[in-house]
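Visitor: I'd like to go over a predicted model; first the sequence, then the structure.
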Amino acid sequence: MTVSTHVLNATTGQPAVGLELALSRQDGAGWRELSRRATDQDGRVRDLAGDTAPGVYRITFQTGAYLAETFYPEVTVVFRITDPGAHHHVPLLLSPYAYSTYRGS
């Protein structure tokens, strides 16, 4: 199982370059951070995690550090992985006052 993401600045239509994010896994009542990365020149992190087990995960995007003015200083996307052999792509479309995400391929 692998996890990747792609962040697009929906206001400019350009990749969100250098946006910091972290992947965590639910561990009992809390969360354990697995990795911390920044998006590349294409707004992607291709190797956020590899060979992880089924469970509940979250990606926390540090949007306040990326956008000068935003209503959402942080965006957290929580998702469940059931198939350890599948690739999981979690894109984020971002603007100062809105965001959306979906299960990508």
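Guide: Great, that's in hand.
Visitor: if I look at the spatially most central residue of the chain, how far off is residue 37?
Guide: The centroid of the chain falls nearest to residue 59 when counting by CA atoms, centre = their mean (4.2 Å). For residue 59, the distance to residue 37 equals 10 Å [CB to CB, to the nearest Å]. For glycine as for every other residue, the C-beta is placed from the backbone atoms N, C-alpha and C.
Visitor: any common contacting residues for these two?
Guide: 21, 22, 48 (CB atoms under 8 Å, 6 or more residues apart in numbering).
Visitor: Tell me if I am right that the first one is in a strand.
Guide: Yes: counting by DSSP: H, G, I helix; E, B strand; the rest coil, residue 21 is located in a strand.
Visitor: what pairs with it across the strands?
Guide: residue 37, residue 61 (DSSP bridges).
Visitor: quick one: it and residue 34 touch, right?
Guide: No: contact criterion CB atoms under 8 Å: residue 21 and residue 34 do not qualify, at 11.6 Å.
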